[in-house]
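J.: Let's see this in three dimensions:
(chains A, B, C, D, E and F)
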6 protein chains.
Amino acid sequence: MTDPQGLGRSPRFAQIASFARLPQSQDLSAAKGVFLGIPWDDATSFRSGAREGPSAIRNNSRLVRSYNMFAKVYPFRVLNIVDWGDIDPVPGFLEDTFQRIEAGLTPIFKAGVVPFVAGGDHSITLPILRAQKAATGKSVSLLHFDAHFDTWEAYWQTKRYTHGTWVKRAYEEGLLTKGNVFQVGIRSPLYDAQDVPNNAAIVHRTYTTEDVDANGYAPIMDQVVSEIRDDPVYVSLDIDVLDPAFAPGTGTPEPGGLSSRELIHFLRELYRLSVVGFDVVEVAPQYDHMGQVTALTAANALFEGMSAVARRRSTSR
Amino acid sequence: MTDPQGLGRSPRFAQIASFARLPQSQDLSAAKGVFLGIPWDDATSFRSGAREGPSAIRNNSRLVRSYNMFAKVYPFRVLNIVDWGDIDPVPGFLEDTFQRIEAGLTPIFKAGVVPFVAGGDHSITLPILRAQKAATGKSVSLLHFDAHFDTWEAYWQTKRYTHGTWVKRAYEEGLLTKGNVFQVGIRSPLYDAQDVPNNAAIVHRTYTTEDVDANGYAPIMDQVVSEIRDDPVYVSLDIDVLDPAFAPGTGTPEPGGLSSRELIHFLRELYRLSVVGFDVVEVAPQYDHMGQVTALTAANALFEGMSAVARRRSTSR
Amino acid sequence: MTDPQGLGRSPRFAQIASFARLPQSQDLSAAKGVFLGIPWDDATSFRSGAREGPSAIRNNSRLVRSYNMFAKVYPFRVLNIVDWGDIDPVPGFLEDTFQRIEAGLTPIFKAGVVPFVAGGDHSITLPILRAQKAATGKSVSLLHFDAHFDTWEAYWQTKRYTHGTWVKRAYEEGLLTKGNVFQVGIRSPLYDAQDVPNNAAIVHRTYTTEDVDANGYAPIMDQVVSEIRDDPVYVSLDIDVLDPAFAPGTGTPEPGGLSSRELIHFLRELYRLSVVGFDVVEVAPQYDHMGQVTALTAANALFEGMSAVARRRSTSR
Amino acid sequence: MTDPQGLGRSPRFAQIASFARLPQSQDLSAAKGVFLGIPWDDATSFRSGAREGPSAIRNNSRLVRSYNMFAKVYPFRVLNIVDWGDIDPVPGFLEDTFQRIEAGLTPIFKAGVVPFVAGGDHSITLPILRAQKAATGKSVSLLHFDAHFDTWEAYWQTKRYTHGTWVKRAYEEGLLTKGNVFQVGIRSPLYDAQDVPNNAAIVHRTYTTEDVDANGYAPIMDQVVSEIRDDPVYVSLDIDVLDPAFAPGTGTPEPGGLSSRELIHFLRELYRLSVVGFDVVEVAPQYDHMGQVTALTAANALFEGMSAVARRRSTSR
Amino acid sequence: MTDPQGLGRSPRFAQIASFARLPQSQDLSAAKGVFLGIPWDDATSFRSGAREGPSAIRNNSRLVRSYNMFAKVYPFRVLNIVDWGDIDPVPGFLEDTFQRIEAGLTPIFKAGVVPFVAGGDHSITLPILRAQKAATGKSVSLLHFDAHFDTWEAYWQTKRYTHGTWVKRAYEEGLLTKGNVFQVGIRSPLYDAQDVPNNAAIVHRTYTTEDVDANGYAPIMDQVVSEIRDDPVYVSLDIDVLDPAFAPGTGTPEPGGLSSRELIHFLRELYRLSVVGFDVVEVAPQYDHMGQVTALTAANALFEGMSAVARRRSTSR
Amino acid sequence: MTDPQGLGRSPRFAQIASFARLPQSQDLSAAKGVFLGIPWDDATSFRSGAREGPSAIRNNSRLVRSYNMFAKVYPFRVLNIVDWGDIDPVPGFLEDTFQRIEAGLTPIFKAGVVPFVAGGDHSITLPILRAQKAATGKSVSLLHFDAHFDTWEAYWQTKRYTHGTWVKRAYEEGLLTKGNVFQVGIRSPLYDAQDVPNNAAIVHRTYTTEDVDANGYAPIMDQVVSEIRDDPVYVSLDIDVLDPAFAPGTGTPEPGGLSSRELIHFLRELYRLSVVGFDVVEVAPQYDHMGQVTALTAANALFEGMSAVARRRSTSR
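T.: Below you'll find the predicted structure:
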């Protein structure tokens, strides 16, 4: 097979669907970035199905090409990205799964390789952040795109590890740098008025969709960059930050969200940050249709994330 | 079952789907608002299917939670909302159905309870307005979100009661306060150039999507509020005011419409009006897909309408 | 609302969708049968989504009417069936969920009421059978319709409680009467040749689709009846016993299955057995389309099961 | 355009979709058969949508070719079939619609042309039968394929004209020859035990799916032919006679129905009868998916009906 | 049939679906504009299916009405538009198909009739432009709405005629006026950094989605109009210029595109140009769902294009 | 990753979707069978989309397990099957594509490895058969499952290489052993009465669906086996041999086809023949829905084909 993102011999609908038809490998010696999937969806509170996220994202990533003309970079080449495969979850068993995720990601972070992760439900970000800390010994800043706070204490009265509690857990476990947690796109109805101050105790700045509406992405990203500066930052993108028109295939969709064009604007600013990890979670393709716009947009978001990291590292800059 | 919108025992995908899993009741003594469905779709001119609107809206309303952080209010608690059930139509027989709707709504308006209605096609708003007049003896102002005028004289040459004639009928029957009829989101191609002056003879101000585009929601709502002031107002929301990307599941979709975020902005201003009734009509879920973004957004629009009414009435304000 | 399955006032697409629009109640004093849902899907090994089974089955059961002309019985009236609601699972936490299922079902079995259960994945049958034993102190015979053995020892190497291991667990726990376990519709590829003798150590007779093909339902059911005789029997129907053409909305579909007509024939013979419980599991409506043939057929299978129990008990016979 | 069913210049996915891409014409002078659509769905009791039946059937009929090798006949050529267009209904107004149907069909029957009608809900067969009587002065025999009796007295307590009452009305109005009404495929649950004798008072022989299962199509058709002999017969095919796997796109689907192969067998026997009219009703394509198997099968059933009539009339026989 | 876009006898879901139910004719003597389809999709590089574009666009155009209140014009009447039918492609054989397209379009351009074409994949625009040149002897300006450059040299190493190379071929063949080629909506990832200067060598101005975002449609169209002035211009609209939320049913969807409202704004400015031909291509309805928002929006775009041409020519201006 | 078809560490919805998650390799030294895809769909005459067949079949093959209890064999182990990848087509260019297919398959046949091919439209079988002849110098017997003859002379008047002419071409080119061509499942309407004798001139025995109906699979396969005996045979399975209920996702669906259970019966008899190649073609997943029953059944048919070959070769027999 010739250059798999190119105009060459192999049409993009052909061949086995690794991410962007990149090489399949777990060798970290040459890569500066890896794509990997975590097909876990047992910590969802409404619609299940995100276990098919990695598969759908790979399938729809086949259309992606090599060069980002906005970032002026070849992300796959600059970062030498490979498709690492999936971390196998243990369906129905959260603790075992979290251990596997942490075990799988730790060597990646240790090697200084940036993981670009396709979820899976949002609970997976907690063990990823644990791996980051385990590998580097340091907390990270968090830039969190989402319709929801994800700072709740527990679901079903006693369950503290779900897709809606991971930010709080990560904060409590010292995985996040205090004062450096940022949220963008928040808009869902809440369980309780107290949720607002509870969230504010953890999250430094919360930008709602009304904030995005008022002034656009630029002042938000300027503020985020000015505060995070050169600290390592983890970017976690819940696809439900998009409006259901743009991302119907997700577990807890909330009307009134971002457009994909707005999201891409935000992501194109990421080159101004030192991104050490990036995930796109909560793609549940069963709730989309044959056009699979959700997985397609998730694949593109990963491409933009890769481009931003590559742009920052590119010797051509 | 514990608090059905809460984080408690019952996951939101469980239990029988009343609206937002609220209590089912027809007791009006405690409620200040009721949800009810009117599954009638025999007055549609293109795609049928809105009879499944109430069912789909209930099903997708299960995700809605208790507290609206933008309106700073608990709408269900403040208004003590219950799910009243559906008004049974007589399929194929418009007059009988209109009588049942009027008979069903009159006691609700008499009790001073605000009905939040899920249609059904748009013809149902006429008997709802008749019930309002029958109960209070007074006309109301109308705030009408739609892609279409709905002020035509007749369809199929002689049929005067359809989903495209109800505004004219309501106006002729004295159900609407002269000078206080407002339309937002109009954009469809017309049958005739004469439709424009004909509509203008009934509707005080018609804001097209080009008007929305030019200046956004704020000046429009300022104008509406400044003219309606404290008069009772009925809000009728045809889901086709949204672009088909946001609301594909509807009978006469027209490209170029509002986004769900724009719609929510409009609805969040409703607390400045004295809303006595609110409907969301023309959800035809067969024309959506598994993600059911139309019904989901309709459920959210009802939540925002309830929040606006609750905010106005809330003692905390 | 008049007779909800009748020709009367309320069209069948109207009103809140309890099962067959039966009364909602948890009062066991008058009922001889209850419908209940168990929306749990965290023990599935391939496609998730069965948590939406109860909701989809209720929605599609609205079409069902009162009288079964083949069984010559009114099942809802004879058994005075109510919709009990759902047992709330604890998503992601299997043990808690199993405890809730057992706790919920035990009083039903104690009251001598026959539960007609809509799953949920197949793991739920284990705690139902535990409840049956807890309530009566006795094991039951099992008539198991499925494409799969469900007698595996463990999944993911160590996990012993999944939708593919429940028959083995139930057998080991003494919940099933030795020699009285029967399987119909088996056809899936296996993990290992050893699976066949392992299954045979638990299951008395296994009828594959080739057996059904050779001679039809009649000799199979004659044999089952002649061996079970009057012993209490639990019937567990995995909807994947049907071919994917008839039941696409399921988690582990296997081509080559039964037709819905064949299944109905089997179910119409159940009146010859003393059925004490009946479940239909593994309906995952996201993998079906708008026509929802899977949930519709599941609702009908429940109707046939209810009819068979009612026929046996009917005083008119 | 060359022979539109042929292998010639025009691919079958091209050109405007008249039925089988036959010529569009209302000239009855040369035709012995016409295709026409009646897009009416306001008399349905569950799912609406059959107004899109004619459009979907035309679209999927494009695949049909010229020669039926089982009937050994070219149906379009022998009968010189044209696409007459649709009879315009008056949505929401049953009486006006029935008058238009009767007015449209009467000249067709008068001309001795066989109408092949695509519905529309099943209520349309009543005015078609009225037109037949008006044109010829004689009643006809009826061969009725359906899951349902359609002999009920009224729906919603007082409404006597619906898709579930037309057989009774036609019988009362003297449109059907006494003793010559036959039903095939009956299986739905009933409203009341009394429905059985009520149906038997009108229908001479009712073949349920259990009857089909027991002996197949051959003895049934032999019996029907031996009793109807050479009397003119109208064939009315409710697509829900098929199992929902074969025809999901319909308003009141009932599991346990015929396969499309069984149906085709029945239809291939029609050449033994003197068929004067033929309809396929209740195709609601919204409840199918992109594959549109229901409309495709309906188009094929029309092709088989046309083939049977042509075979009987063919000079080559 | 009365006025087919009117409120009269024929509901818009009835009758055979020509475009907007306009008369079917190939007589060019009276028409100033024709609708025609070109169902060809063998030159696509990712998802196939655009052969069904004309059929889907016709079907969804039935909703379109007569009068455009924004353009203040009756486009069908002013241009006396007819549905010409389709040009038959030769599936699998590109050269034959191109010859048929050129042969079909040449007399239309010669007659001074404006073709409004529904594709088909984007390769069809090359033979249309050849026909234009053959008919008039002159090149045209090009206004090209697309997510992609379509100025590549070849695909699969040697294939120079595809849906991604037609602009380059047209330019090389002298079909386009140098300096008068404009692109709007460009945003896709590229194969190579060199693609940017290669495109710039052909295209005078390329407006990306970032350009649209920055200042909106007005300055872009002002610039285009000021440069093209009164020269004849061909408008080619690849539906993938829209975001996948608005146009999922297409072959190479790219997130981050225009909204349908933005597109309509662009199209409403076309009356300022001398448009001699207009196409909407790459509608692949299989990748949409039952709501068919892509084909619906394409039908509307054609209506706006027709309105712009009519507005310019209208004697009422 | 442990045994990818096993019960071990990796859930079957995880990891990159090679066929049945088998190893990816083009090394023919150890394999006795290979899976490969040929994603070509430009020779289809109705619905396109089969280019996505290999991708959909791989995705749905993940559910397949190791052991076939009916054939009593482990097909993957016995044949040491690998996923070879796809042969890259040249979209729009039939001759280039055929050359690539022949070039790709020739070494496989030369190595004595049995190719199990996922199409792609049916035209691909011609170059596969050319490769077979090129590799071995000998013609083969053909067992052809299909709704259509595929023995037409040409489409669009002059085009001799399409998905409907390959059998005739193969016969003319001497690729098929005279007298040893067999067809099963034929039923489509024909273009011309002459098609029947034309087909009979090439095909030794043609079994229609009426033949299958009359006596089932057993006598047909007995006859085929008795005539082919030990000659090498190629099996070509057009998925449209199945009824559209079982295989909606295909290009030219014909109602009245086989059930998947009937098909599996036929395939289980293949161990009695010396199968040297096997393909499953015409899966167009866009015309299926989320449940993807067509691709699932195609994956299973490949598993049964592999099992039959393995059973014949198995040392355990």
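
J.: Can you show me the helices along chain A?
T.: A:53-61, A:75-79, A:94-110, A:125-136, A:166-172, A:195-200, A:209-215, A:217-228, A:260-268, A:293-313 (DSSP state H).

J.: Serialize these to a markdown table and add fields for mean neighbour count and distance to chain E.
T.: C-betas here are computed from N, CA, C, even on glycine. Below are the helices of chain A laid out as a markdown table (neighbours: other C-beta atoms under 10 Å in any protein chain shown; distance: least, C-beta to the nearest C-beta, whole Å):
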| stretch | mean neighbour count | distance to chain E |
| --- | --- | --- |
| helix A:53-61 | 27 | 9 |
| helix A:75-79 | 22 | 9 |
| helix A:94-110 | 19 | 25 |
| helix A:125-136 | 23 | 22 |
| helix A:166-172 | 23 | 26 |
| helix A:195-200 | 16 | 29 |
| helix A:209-215 | 16 | 14 |
| helix A:217-228 | 16 | 10 |
| helix A:260-268 | 24 | 4 |
| helix A:293-313 | 26 | 4 |
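
J.: can you list those in JSON lines and add mean pLDDT?
T.: Output for the helices of chain A, formatted as JSON lines (pLDDT from 0 to 100):
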{"stretch": "helix A:53-61", "mean pLDDT": "98"}
{"stretch": "helix A:75-79", "mean pLDDT": "97"}
{"stretch": "helix A:94-110", "mean pLDDT": "97"}
{"stretch": "helix A:125-136", "mean pLDDT": "98"}
{"stretch": "helix A:166-172", "mean pLDDT": "98"}
{"stretch": "helix A:195-200", "mean pLDDT": "98"}
{"stretch": "helix A:209-215", "mean pLDDT": "94"}
{"stretch": "helix A:217-228", "mean pLDDT": "97"}
{"stretch": "helix A:260-268", "mean pLDDT": "98"}
{"stretch": "helix A:293-313", "mean pLDDT": "98"}
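
J.: Could you export these as JSON lines, including distance to chain D?
T.: As requested, the helices of chain A are exported to JSON lines (distance: least, C-beta to the nearest C-beta, whole Å):
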{"stretch": "helix A:53-61", "distance to chain D": "18"}
{"stretch": "helix A:75-79", "distance to chain D": "34"}
{"stretch": "helix A:94-110", "distance to chain D": "34"}
{"stretch": "helix A:125-136", "distance to chain D": "35"}
{"stretch": "helix A:166-172", "distance to chain D": "36"}
{"stretch": "helix A:195-200", "distance to chain D": "40"}
{"stretch": "helix A:209-215", "distance to chain D": "32"}
{"stretch": "helix A:217-228", "distance to chain D": "37"}
{"stretch": "helix A:260-268", "distance to chain D": "24"}
{"stretch": "helix A:293-313", "distance to chain D": "16"}
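
J.: Of these, which is nearest chain C?
T.: Shortest distance between chain C and the helices of chain A, using C-beta to the nearest C-beta, is found for helix A:94-110: 5.3 Å.

J.: can you redo the helices of chain A as TSV with distance to residue B:254?
T.: Putting the helices of chain A into TSV (distance: least, C-beta to C-beta, whole Å) gives the following:
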stretch	distance to residue B:254
helix A:53-61	29
helix A:75-79	39
helix A:94-110	46
helix A:125-136	40
helix A:166-172	41
helix A:195-200	38
helix A:209-215	24
helix A:217-228	29
helix A:260-268	22
helix A:293-313	21
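
J.: Which among these is found nearest to residue A:116?
T.: helix A:293-313 (5.4 Å; C-beta to C-beta).

J.: who does that closest one touch, helix- and strand-wise?
T.: strand A:33-38, helix A:53-61, helix A:75-79, strand A:114-119, strand A:232-238, helix A:260-268, strand A:274-281 (3 or more C-beta pairs under 8 Å, 6 or more residues apart in numbering or on different chains; DSSP states H and E).

J.: Which of those sits closest to chain F?
T.: helix A:53-61 (6.4 Å).

J.: Would that closest one count as contacting chain B?
T.: No - using C-beta under 8 Å from any C-beta of the partner chain, helix A:53-61 never reaches chain B; the gap is at least 13.3 Å.

J.: close to chain C, is that helix?
T.: No - using C-beta under 8 Å from any C-beta, helix A:53-61 stays clear of chain C, coming no nearer than 11.0 Å.

J.: Which residues are in contact with the residue of chain A found nearest chain B?
T.: Across chain A, the shortest distance to chain B (C-beta to the nearest C-beta) belongs to residue A:248, at 3.1 Å. Residue A:248 is in contact with A:287-289, A:293-294, B:289, B:291, B:293, counting by C-beta atoms under 8 Å, 6 or more residues apart in numbering or on different chains.

J.: Could you report the separation of residue A:125 from residue A:142?
T.: 9 Å (C-beta to C-beta, to the nearest Å).

J.: Are there residues contacting both of those two? Which ones?
T.: A:170, A:234, A:236.

J.: one step back: for the contacts of residue A:248, which one is nearest residue A:38?
T.: For the contacts of residue A:248, the nearest to residue A:38 is residue A:294 (17.0 Å; C-beta to C-beta).

J.: who's in contact with the closest one?
T.: Contact analysis of residue A:294 by C-beta under 8 Å, 6+ apart lists A:56, A:239, A:246-250, A:283-285, A:287-288.

J.: coming back round to it: do you know which of the helices and strands packed on helix A:293-313 lies nearest residue B:274?
T.: Short answer: helix A:260-268, nearest of the helices and strands packed on helix A:293-313 by C-beta to C-beta, at 35.0 Å.

J.: the inter-axis angle of the closest one versus strand A:232-238?
T.: 170 degrees (axes from the mean of the first three to the mean of the last three C-alpha atoms, to 10 degrees).

J.: name the helices or strands packed onto helix A:260-268?
T.: Helix A:260-268 packs on helix A:217-228, helix A:293-313, helix E:209-215, going by 3+ C-beta pairs under 8 Å, 6+ apart.

J.: Reformat these as JSON lines; add distance to residue A:272.
T.: Formatted as JSON lines, the helices and strands packed on helix A:260-268 follow (distance: least, C-beta to C-beta, whole Å):
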{"stretch": "helix A:217-228", "distance to residue A:272": "5"}
{"stretch": "helix A:293-313", "distance to residue A:272": "8"}
{"stretch": "helix E:209-215", "distance to residue A:272": "17"}
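
J.: looking at those helices, which is closest to residue E:38?
T.: helix A:293-313 (26.0 Å).

J.: then the closest one to PDB, C-alphas only?
T.: The C-alpha coordinates for helix A:293-313 follow below in PDB (Å, rounded to 0.1, in the frame of the first residue of the first chain):
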ATOM      1  CA  VAL A 293     -21.400  12.400  11.300                       C
ATOM      2  CA  THR A 294     -20.500  12.000  14.900                       C
ATOM      3  CA  ALA A 295     -17.600   9.600  14.400                       C
ATOM      4  CA  LEU A 296     -16.600  11.500  11.300                       C
ATOM      5  CA  THR A 297     -16.400  14.700  13.400                       C
ATOM      6  CA  ALA A 298     -14.600  12.900  16.200                       C
ATOM      7  CA  ALA A 299     -12.000  11.600  13.700                       C
ATOM      8  CA  ASN A 300     -11.500  15.200  12.500                       C
ATOM      9  CA  ALA A 301     -11.200  16.500  16.000                       C
ATOM     10  CA  LEU A 302      -8.400  14.000  16.600                       C
ATOM     11  CA  PHE A 303      -6.800  15.200  13.400                       C
ATOM     12  CA  GLU A 304      -7.000  18.800  14.600                       C
ATOM     13  CA  GLY A 305      -5.600  17.800  17.900                       C
ATOM     14  CA  MET A 306      -2.700  16.000  16.300                       C
ATOM     15  CA  SER A 307      -2.100  19.000  14.000                       C
ATOM     16  CA  ALA A 308      -1.900  21.300  16.900                       C
ATOM     17  CA  VAL A 309       0.600  19.200  18.800                       C
ATOM     18  CA  ALA A 310       2.600  18.700  15.500                       C
ATOM     19  CA  ARG A 311       2.500  22.400  14.800                       C
ATOM     20  CA  ARG A 312       4.000  23.200  18.200                       C
ATOM     21  CA  ARG A 313       6.700  20.700  17.700                       C
END
